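**Student:** Need a 3D model of the sequence below.
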Amino acid sequence: MKNETPQNQDTTSNEVPSTPVESADTTPMTETEPTVGAAKQNPFSRFGRWYWRHKKWTILLTILLLLAVALAVPFTRYPMINWFWKQDVKFTLKDSRNNSPVSEASLTIAGHTVKTDKNGVAALNDVPVGPQKIEVSKKYYKSYTSEVTVSEFGNNQQNVNVSLEATGRMVNVVVQNTITGKGVEDATIATSADNHAITDTDGSATIVVAADKGEVTATITTPGYNKQTVKLAVGDDSKKNTFTILPSGNVYFLSKQSGKIDVVKTNLDGSNRKVVYAGTGREDNYTTTLLASRDWKYMALKSKRDAAKNPSLYLINAADDTVVPVDEGNAEFTPVGWSGHRFIYRVDRSTPEWQPKHSALKSYDAETKQMVTLDETAAEGNTQFDSRYEVFAGNPYILDGGIVYSKAWTKYYGAYSVNLSGKQSAIFSIKPDGTGKQTLKTVDPVQVESISATSYGPQEIYFGLFYRNGAPATYLELEDGVIKDAPKGSNPLERGYPTYLVSPNGKATFWADARDGKNALFTGDINGKNEKQIAASSDYTAYGWFTDNYVLVSKNQSELFIMSKDGLQNGKQPLKISDYHKPSLSFPGYGYGYGGI
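**Tutor:** Numbers count the residues shown, from 1 in each chain. Coordinates of the predicted model:
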């Protein structure tokens, strides 16, 4: 029987074939074809993973490395440094021929232009580092152009020296103070608007002028001095180029040169004389007075201008020489002096002493033109025989902090029935504006008949108390603002004391002390201590100050001079200002203004 396989019958067998069949994915690999595992071992990939894994400091190191490379190259280094660092540079310019400083030269660097000073120095701050072009120019000198490298290293100022070659003639000039004979520092000598030189500490300077000139006109100017026009000798005559210049300012004084008593002002050498307030011919030789404030900005004049009137008080303003009345009328005016710009004076009216407000102590403000009554006398009663009243006792004195004065209660000698009990005489102090009044000492007018006062130092006063019963006087002293008993001994009011003239800044004093018919002149501190003798056996006496650098002295009570506060040095004598009129009335002990002694 045949084995026939029916249609659609499954012929799959479970038997394993005897011959294996090779699979396609069993082909051996060649060595030239990397695997995926091998790619992960690339060293650049390993560095990248390590770089980013430590990025907190690897990125910083990268930035620093790039900066180091940039800073190593000058082209990029200097612009980068200039963002946060600049240097100070000092240039010193000197003449190539004599090595003298070249002042007033123009120097330009990094867009900044400066002028050299009297020492030929131009200092600049915050100059960009790196190569910088400098340009220097000055009239009668060759222009100079160069390049300097401003270093970025170090904190100290860099110094650059420049030598300039002159094209003109050099002229040496010495400028001296007319009063002291000393060299004047920082004086500008100019031959034209663009050719200047500035004097050094010795008053010396070198200026270059046109080579074809034998003489040139120049001006000498400096703050605090009058302008001076001079002729500079060029060439062999250059040794003649020593000039003096006068400190600026005016002094005011009385003059009878016209036959009348005028108020006159001049420069400090007597030049530019001008009559500020002409007299009328009715002025009195004894009572006409002129007292200047310590800065010479204001003058107080007491003068009789009209035969029918009493002398009046006037204010002169030095700013414009205007004259305005301060006080006038049927009264007697007694100047006390200046406290700053306030003028202190006493008024005694024509009313009887036994009436209230017969006398007053007043203060006039020269700046505001306002007047203040500091104090005035009181009185009680109806007639001189039944009244008791106050009087100003002794001289008022101006001290550093105010005015010290005395008032005493009294009565007429014939008023036997009047009793002074219950009243107090006293010593007072008050500020110039009327504030701060203090009672320094009270005394019983029943016992004490009068009070006298004498200044014996810049801030010190002796007082004498004189008794009705004839008992010996007792003496007090004001020192450091306190009144106490004076040392026992002879009457201190009988002695003569210098008048200590206080300087404008209030820190120094100037006075004369009579010795063997001559005067010794001294300066000292505000208390008259630490004295320095500035003249010995002198014919001069103290008159006042002019600024804090000079003192005014008088001779024969008719000649006014000015000299250095340091005294007579190197044979330099005081410079005469003018002859003047000295009134008979003086103000011993008054030191807070000038012209009173």
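**Student:** Count the residues that sit near the spatially closest residue to Gly168 that is not a sequence neighbour.
**Tutor:** Among residues not flanking Gly168 along the chain, Tyr140 sits closest, at 3.4 Å (CB to CB, 6 or more residues apart in numbering). For every residue, glycine as well, the C-beta is placed using N, CA and C. By the measure other CB atoms under 10 Å, the count of residues near Tyr140 is 17.
**Student:** I figured Gly329 was touching Asn310, is that so?
**Tutor:** Yes - counting by CB atoms under 8 Å, Gly329 does reach Asn310; the two are 7.5 Å apart.
**Student:** pLDDT value on the residue nearest to Gly168, please?
**Tutor:** Per-residue pLDDT puts Tyr140 at 89.
**Student:** which residues does it contact?
**Tutor:** 166-168, 195, 208-210 (CB atoms under 8 Å, 6 or more residues apart in numbering).
**Student:** got CSV for these, with pLDDT and distance to Lys227 too?
**Tutor:** Output for the contacts of Tyr140, formatted as CSV (pLDDT from 0 to 100; distance: CB to CB, whole Å):
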residue, pLDDT, distance to Lys227
Ala166, 87, 27
Thr167, 87, 29
Gly168, 87, 24
Asn195, 91, 17
Val208, 90, 22
Val209, 91, 20
Ala210, 87, 23
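**Student:** distance of Lys362 from Thr373?
**Tutor:** Between Lys362 and Thr373 the computed distance is 6 Å (CB to CB, to the nearest Å).
**Student:** same question, Ile597
**Tutor:** Ile597 is 28 Å from Thr373, by CB to CB.
**Student:** likewise Gly337?
**Tutor:** Using CB to CB, Gly337 is found at 17 Å from Thr373.
**Student:** about what we covered before: okay, Lys362 and Thr373: which has more neighbours?
**Tutor:** Per other CB under 10 Å, whichever of Lys362 and Thr373 has more neighbours is Lys362, with 22 against 12.
**Student:** which secondary structure element contains the more buried one?
**Tutor:** According to DSSP states H and E, Lys362 maps onto strand 359-365.
**Student:** Would you tell me what the next helix or strand after that strand is?
**Tutor:** strand 370-376.
**Student:** gap between that next one and the chain center?
**Tutor:** 32 Å (CA atoms, centre = their mean, to the nearest Å).
**Student:** which stretches of the stretch 451-597 of the chain aren't confidently modelled?
**Tutor:** 570 (pLDDT under 70).
**Student:** can you count the residues close to Lys227?
**Tutor:** Lys227 - counted by other CB under 10 Å - has 11 other residues nearby.
**Student:** same question, Asn491
**Tutor:** So Asn491, with other CB under 10 Å, has 14 neighbours.
**Student:** what separates it from Met371, distance-wise?
**Tutor:** Distance from Asn491 to Met371, by CB to CB: 37 Å.
**Student:** Helices of the protein, start to end?
**Tutor:** 36-39, 43-53, 55-71, 74-81 (DSSP state H).
**Student:** Which of those comes out lowest on mean pLDDT?
**Tutor:** helix 36-39 (a mean of 46).
**Student:** That'll do, ta.
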